[in-house]
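1. Sequence below, structure please.
(4 chains)
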There are 2 protein chains.
Amino acid sequence: MVSSRERKVASKPDTREEILRTASRLLQLNGFNGFSYGHIAKELGVKSAAVHYHFPSKAALGVALVDRFRTRYRLWMEDAAGLPAADQLSGYVAIHRRFLERGARVCPGGVLQAELYAVPEEVQASVTQMAQEVHDWLVEVLTAGRASGELTFEGPPEAMATVVGATVQGALQMARILGAEQFDLAEAQLWRFLGVSRELTKS
Amino acid sequence: MVSSRERKVASKPDTREEILRTASRLLQLNGFNGFSYGHIAKELGVKSAAVHYHFPSKAALGVALVDRFRTRYRLWMEDAAGLPAADQLSGYVAIHRRFLERGARVCPGGVLQAELYAVPEEVQASVTQMAQEVHDWLVEVLTAGRASGELTFEGPPEAMATVVGATVQGALQMARILGAEQFDLAEAQLWRFLGVSRELTKS
DNA sequence: GTCTATATCCGGATAGAC
DNA sequence: GTCTATCCGGATATAGAC
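-> Residues are numbered from 1 along each chain as shown, chains lettered A, B, ... in the order given. Purely as a prediction, here's the structure:
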């Protein structure tokens, strides 16, 4: 699927992609207002003007970051669509736990929500869409999971979705201070509330 | 409060205090890196140099903000110490819901955790202490509450504390995007998990 | 305590050479 | 595509007058 035209001859694996990866890491660590073109450029060994070439404005960069994350998310959801509800939820948690493992990062969506009114409007719009999509997905999975008998939680799926999403986001941020174990504790607790014995669905 | 001009000349209730209140509001709305001396000064109708007089550096201002919040918290905890566990937890949630009501703000502690590595070290230290204190308090209340039979949740109090804290923080941030109702849904769900019928402890 | 003025630096952004 | 050079504005911070 890779066109023959764009084979990178050894040491030139697409600067644009590297920018996105670096920026993504910085976003997860420091927040949107906690990194700059200069930071990205320095890490990549280029000048900030080069970054501007690929992303004219920081708003554009922010939107690209969110949309990239959003796309991956959607692909993953489609991929996991057939699985049991518990497995889908397990994957959802695992995705977030990975942020933690990669050096105390937090979810890009979460940190952008926290500083929502301090980021460009275009970015706000993208974040809003992503958050809504993820929330809808959670509601869906929880609804189906309970209908099929896989899950046995109480209360409306809508409320449960908010608790699951908020717990994951919040625990991720909290884990930086209280330690990574807190995230695992929170996860274990969620499984109890969902009526799932975790050992069974360990991925 | 009223549309009539505020006579700031007549009533002079400590500029320092007004700075803290304004900065606190901006912090809750935009995050630590989302406001400046200039913003504070403009809102108060003074120059930024005046703000520097009261708080020499932004780190100092940040620490003052956190410590002020921390102190209030501690006083409130002492105050509520005698109450039933459900009432204490209810108050805890209410404190946070108030942020929401005051114009889609989030918890200062929460937003600082989100951008933790992008704030001055002194501020990080204060935030860490506050978060630890609140967490310890939650564990205590939950432990005592279950021991007394008031609460009937499953799992270790430690894990439940993380879920409660994370849910509140996360739901607050999420409510900006998904709507304030989400916070209430999450709260209701928490009460279910705690085995408390919410109507009884409505404050 | 607050002001004016200023120093310094940084961040976002653009123009044009290579 | 990346560089050098540069502009602009904003942010932190300080000095000294009032």
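2. Do stretch A:124-135 and chain B come into contact?
-> Yes: for stretch A:124-135, a contact with chain B is found by C-beta under 8 Å from any C-beta of the partner chain, at A:Val127, A:Thr128, A:Ala131, A:Gln132, A:His135. The C-beta positions use only the backbone N, C-alpha and C, and glycine is treated the same way.
3. among these, who's most crowded?
-> A:Val127 (27 neighbours; other C-beta atoms under 10 Å in any protein chain shown).
4. Tell me the residues of chain A that contact DNA strand D?
-> A:Thr15, A:Arg16, A:Ala41, A:Gly45, A:Val46, A:Lys47, A:Ala49, A:Ala50, A:Tyr53, A:His54 (C-beta under 7 Å from any atom of the strand).
5. Any chance of the backbone angles for the fourth one?
-> When quoted as degrees, to the nearest 10, the phi and psi of A:Gly45 stand at phi 70, psi 30.
6. Tell me the confidence at it?
-> We have a pLDDT of 97 for A:Gly45.
7. count of residues packed around it?
-> If you count neighbours by other C-beta under 10 Å, A:Gly45 ends up with 8.
8. and if you look at the third one?
-> For A:Ala41, the neighbour count with other C-beta under 10 Å is 18.
9. which secondary structure element contains it?
-> Element membership for A:Ala41 (DSSP states H and E) is helix A:37-44.
10. so, in contact with DNA strand C or not, that helix?
-> Yes: counting by C-beta under 7 Å from any atom of the strand, DNA strand C has neighbours in helix A:37-44: A:Tyr37, A:Gly38, A:His39.
11. Look up the closest residue to A:Leu29, ignoring the ones flanking it.
-> Leaving aside its chain neighbours, A:Leu29 sits nearest to B:Tyr117 (5.3 Å; criterion: C-beta to C-beta, 6 or more residues apart in numbering or on different chains).
12. Quick one: distance of the strand or helix carrying A:Asp79 to the chain centre.
-> Using DSSP H and E, A:Asp79 sits within helix A:58-80. From the chain centre to the centre of helix A:58-80 is a distance of 8 Å (C-alpha atoms, centre = their mean, to the nearest Å).
13. For it, the averaged confidence score.
-> 98.
14. next one: stretch A:180-191
-> 98.
15. Helices along chain A, start to end?
-> Secondary structure of chain A by DSSP state H: the helices cover A:15-30, A:37-44, A:48-54, A:58-80, A:85-101, A:108-114, A:121-147, A:157-178, A:181-194, A:198-201.
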